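**Q** Requesting a structural model of the entry that follows:
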Amino acid sequence: MAIKEVVAERELVGETAARGRFPVRIRIGKPYPASDVDWACPVAVEGMEWPFPDMHGVDSLQALTLALYIARQSLEDFLEKGGKLFWPEGEPATLESIFGKGI
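**A** Here you go, the predicted model:
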């Protein structure tokens, strides 16, 4: 499902032995009220094999934080399975260089 209003994105390049190099784009959408008691935030890691549902939280900050967390976890899983990540210019990318410390 396409994210209607993207508030943040980052372009990377992924690499695996089976697929070679391919584009990866992290996209975070604008949080929105999902009901009277919770918020949701769209998230996508395009180029990976799995889609994500919108992340739900008690407020917009928690929904946004969970969206960032699931994006990071998906890339961490990709790296643990032998994948590699690069910046578009070709330099290696680490989770810390992508997300900063503490996320």
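**Q** Is the residue of the chain positioned farthest from its centre part of a helix or strand, or is it coil?
**A** Largest separation from the mean C-alpha position in the chain: Asp36, at 26.4 Å (CA atoms, centre = their mean). Classification of Asp36 using DSSP: H, G, I helix; E, B strand; the rest coil returns coil.
**Q** Phi and psi next, for it.
**A** Main-chain dihedrals, Asp36, degrees, to the nearest 10: phi -70, psi -20.
**Q** for the one 4 residues further on, same thing?
**A** Dihedral angles phi and psi of Ala40 (degrees, to the nearest 10) take the values phi -140, psi 150.
**Q** Report the distance from stretch 93-103 to the chain centre.
**A** Chain-centre distance of stretch 93-103: 12 Å, with CA atoms, centre = their mean, to the nearest Å.
**Q** which parts of the host helix or strand of Phe22 are buried?
**A** Per DSSP states H and E, Phe22 falls inside strand 20-29. For strand 20-29, burial by neighbour count (16 or more other CB atoms under 10 Å) applies to Val24, Ile26, Arg27, Ile28, Gly29. C-betas here are computed from N, CA, C, even on glycine.
**Q** quick one: the helices in this protein?
**A** Along the chain, the stretches classed as helices by DSSP state H are 60-80, 95-99.
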